[in-house]
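**Student:** build me a model:
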Amino acid sequence: MSETTNDTAHFEPYAIHGTRQFFNMSIQLYTYLYDTIVAAANSEQGKTIGMNLLWTFSKICVYAERGGILLYNSNDYIKQVVDQCVSMKEWVDDLTSNKNIEPKTNTWIHVCRISNQDNSYLEIYDNLSDTLTEAECVRKYQSAYLSVLNESVQYNDTCVFLKQNNLYYISKCSGPDIKLDVATPIEKSNCVPISIVYKHPDMTEDIDLLFLPNEMYCVNNSIFSKAFVRRSLEYQEKPFVFDDRYTIDIIDSNVTMHTMTKNEYMKILVDEFKIISLDDEFPLISMDDAVNVCKEPIGDSSSSDEDESIDAVNVCKEPIGDSSSSDEEQPQNSEDCVDT
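**Tutor:** Residues are numbered from 1 along each chain as shown. Below is the predicted model:
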């Protein structure tokens, strides 16, 4: 028993000494390797080797991407599998996300509005058939525009969207900028902001709105009005505070800073955009003028379909609903229409 005790007593100092030596050698080895790598990286030969490795890695990534695209486009089975995986990922993201999501269809009409009472947000979609012609989509848009125009007094701000061919046409349906005609085809603007930030005095963190698609920046679009800003916040995941005290800081392509408030919106032009104030004096469009504008023919007069005009008296109260209903359905009760 005494011999075992003596062996244990002698073993412990050796174990502690060996552990310390191993730790010290590891530190020395790490320091040597670190100093050697830093010295080699700072040398001209090290920089050359590093650049060659980076260049080689970049070329491998490019070739892999091209090969993947070629394989995706040439093999229907692989294409279906990849599309299915992407679709499942989007479905899971949509299921777990707390943000609003646009319809997956290619053509739709969308109305979003802010209530006068408590700044509550309301929106509705009308999915259209992809087989509709451009003129038919415009007619649907004008019908929806007039249907909400009659109730625009009850809301602080209203925006009407038309999406077709992956391009957006956006207009205000309140205040002085009432516009029924749609310039077709919808044309993208050359001016796209490089920074869009939503700020509010009660928020500690600003919200970047640069996620908005570039296809929204089309000529004659009216964006960043009060309803548009609220809609943009609803389509992102960060928590936000929304009332009349918000500001939007925008940096354009010329690196010029613009600050917008609730009384302003942006008008998109071909090569620039303008900040328009609602406090400026604009001639208001009466309902009679709106009806007369809507009665004008749409598109090329050479087409029999496009020669047809919209009867604003019959469509002004038409709700935004299922697009499967016939365009020729007219309300039977004349009291539902605007008194012209």
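**Student:** where does the stretch 51-200 of the chain have low pLDDT?
**Tutor:** 150-153, 174-180 (pLDDT under 70).
**Student:** all helices for it, in order.
**Tutor:** 76-96, 134-149 (DSSP state H, counting those that start in this stretch).
**Student:** wait, which of those is closest to Trp108?
**Tutor:** Each of the helices of the stretch 51-200 of the chain has some distance to Trp108 by CB to CB; the shortest is helix 134-149, at 9.6 Å. All C-beta spots, glycine's among them, are computed from the backbone N, C-alpha and C.
**Student:** starting at the chain centroid, how far to the closest one?
**Tutor:** Averaging C-alpha positions (CA atoms, centre = their mean, to the nearest Å) puts helix 134-149 23 Å from its chain's average.
**Student:** that helix packs against which elements?
**Tutor:** In this structure, helix 134-149 makes packing contacts with strand 108-115, strand 155-164, helix 287-294, helix 304-307, helix 312-315, judged by 3 or more CB pairs under 8 Å, 6 or more residues apart in numbering; DSSP states H and E.
**Student:** quick one: the longest one to strand 108-115, angle?
**Tutor:** So the one you mean is strand 155-164. 170 degrees (axes from the mean of the first three to the mean of the last three CA atoms, to 10 degrees).
**Student:** residues of stretch 258-266 that come out buried?
**Tutor:** Across stretch 258-266, burial judged by 16 or more other CB atoms under 10 Å covers 258, 260, 262, 264-266.
**Student:** between these, which is nearest Asn220?
**Tutor:** Met266 (11.6 Å).
**Student:** related to what we said a few turns ago, highest mean neighbour count out of the helices of the stretch 51-200 of the chain?
**Tutor:** Ranked by mean neighbour count, the helices of the stretch 51-200 of the chain are led by helix 134-149 with a mean of 22 (mean count of other CB atoms under 10 Å).
**Student:** closest to Leu233 out of the buried residues of stretch 258-266?
**Tutor:** Nearest member of the buried residues of stretch 258-266 to Leu233, counting by CB to CB, is Lys262, at 13.3 Å.
**Student:** quick check, the closest one in contact with Phe242.
**Tutor:** No: applying CB atoms under 8 Å as the test, Lys262 and Phe242 come out as separate, 9.9 Å apart.
**Student:** any chance of the helices of the stretch 51-200 of the chain in a markdown table with distance to Leu162 as columns?
**Tutor:** Output for these, formatted as a markdown table (distance: least, CB to CB, whole Å):
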| stretch | distance to Leu162 |
| --- | --- |
| helix 76-96 | 23 |
| helix 134-149 | 4 |
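**Student:** for Tyr34, find the nearest of those helices.
**Tutor:** By CB to CB (comparing all of the helices of the stretch 51-200 of the chain), the closest turns out to be helix 76-96, at 40.8 Å.
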